[in-house]
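Q: I would like the atomic coordinates for the input below:
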Amino acid sequence: MTNLTVLLNDLSFGGISLFDPEGFVNLLLRFLFNFTITTFIIRFIYYPVSKRRDYLFTYIMISTAIFLLILLLESIKLKVGFALGLFAVFGIIRYRTNTIPIKEMTYLFVIIAISVVNGMTSKKISYSEVLLTNLLFILVLFFLEKIWLVKKESKKIINYEKIELIKPEKRQELIADLEKRTGLKINHLEIGKIDFLKDIARIRIYYFEDSGTVNYEGELDTQIPDTDDDD
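A: Here you go, the predicted structure:
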């Protein structure tokens, strides 16, 4: 076995080793560890609450890409600066179709942080410390999602035609009408774009949903042709 290991280490092409048994096993084990941690967070903490399948693929692939980049570049002295640069890049990400919601952006940041931590481990950091760091991420997320934030505030955008009710003095009457139409207990609301030509106002309502409710931030009632944001 020792002779085989020596033979494999001696195999090279262009000055680069073709196969390093120790490095191969190290890469495989650390990848499986990182993949297990991030998949558990995405599938069993994030997804049961958000029900957003579209982000599952994104989070897993970003985690994989970041981890492998950090791990394979760990011999480069710029690895810390490189990691911080990744935070900066992904911190300003904006998909051209939709802006990433703040909660999804937070999970993206967490996934990147975990992948960077797992990829940057060195001889100065024990495996127990890395394991504890990952467990702390899981415990904090679980506590926030399953224990503390049992009620989740969601929002919907409503195109509302009773424009006379948007006056401040008729706020309670407006809320009562919206609750009757939507069947939701409104926590608070914001009045956005107002179209006096069509007698339509765009209102964003906030409400607490049950843990089993799918969060779909769509529009209700009369549709307005343009797609401008009301922020």
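Q: How much space separates Ile125 from Thr133?
A: As judged by C-beta to C-beta, to the nearest Å, Ile125 and Thr133 stand 9 Å apart. C-beta coordinates here come from the backbone N, C-alpha and C atoms, glycine included.
Q: neighbour count winner among these two?
A: Thr133 (16 against 12; other C-beta atoms under 10 Å).
Q: List the contacts of that one.
A: Thr133 makes contact with Val117, according to C-beta atoms under 8 Å, 6 or more residues apart in numbering.
Q: Likewise for Thr39?
A: Applying C-beta under 8 Å, 6+ apart, we find Thr39 in contact with Ile60.
Q: Show the model's pLDDT score for it.
A: What the model reports as pLDDT for Thr39 is 94.
Q: any idea which helix or strand comes after the helix or strand that contains it?
A: In the assignment (DSSP states H and E), Thr39 maps to helix 21-40. Counting by DSSP H and E, the next helix or strand C-terminal to helix 21-40 is helix 47-50.
Q: could you give the mean pLDDT of that next one?
A: The average pLDDT within helix 47-50 is 83.
Q: I'd like the numbering to begin with 28 instead of 1 from here.
A: With 28 as the first residue, the last one maps to helix 74-77.
Q: Only C-alpha atoms, please: export it in CSV.
A: Extracted in CSV, the C-alpha atoms of helix 74-77 (Å, rounded to 0.1, in the frame of the first residue of the first chain):
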residue,chain,number,x,y,z
TYR,A,74,-37.6,25.3,2.9
PRO,A,75,-40.4,24.2,5.4
VAL,A,76,-41.0,27.8,6.2
SER,A,77,-40.5,29.6,2.9
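Q: what comes up buried for it?
A: The neighbour-count check on helix 74-77 (16 or more other C-beta atoms under 10 Å) flags 76-77 as buried.
Q: so after that helix, what's the next helix or strand?
A: Remark: after helix 74-77, the chain's next helix or strand is helix 81-99, criterion DSSP H and E.
Q: As a check, name the ranges of all strands in the chain.
A: Counting by DSSP state E, one finds strands in the chain at the ranges 39-40, 43-44, 179-187, 213-222, 227-236, 246-248.
Q: Domain-wise, how is this protein divided?
A: Following automatic domain parsing, one gets these domains for the chain: 29-175, 179-248.
Q: isn't Lys130 right up against Val76?
A: No: counting by C-beta atoms under 8 Å, Lys130 sits too far from Val76 to count as a contact (9.0 Å).
Q: Would you reformat the strands of the chain as JSON lines and include distance to Leu98?
A: What follows is the strands of the chain, written out as JSON lines (distance: least, C-beta to C-beta, whole Å):
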{"stretch": "strand 39-40", "distance to Leu98": "21"}
{"stretch": "strand 43-44", "distance to Leu98": "17"}
{"stretch": "strand 179-187", "distance to Leu98": "35"}
{"stretch": "strand 213-222", "distance to Leu98": "44"}
{"stretch": "strand 227-236", "distance to Leu98": "39"}
{"stretch": "strand 246-248", "distance to Leu98": "44"}
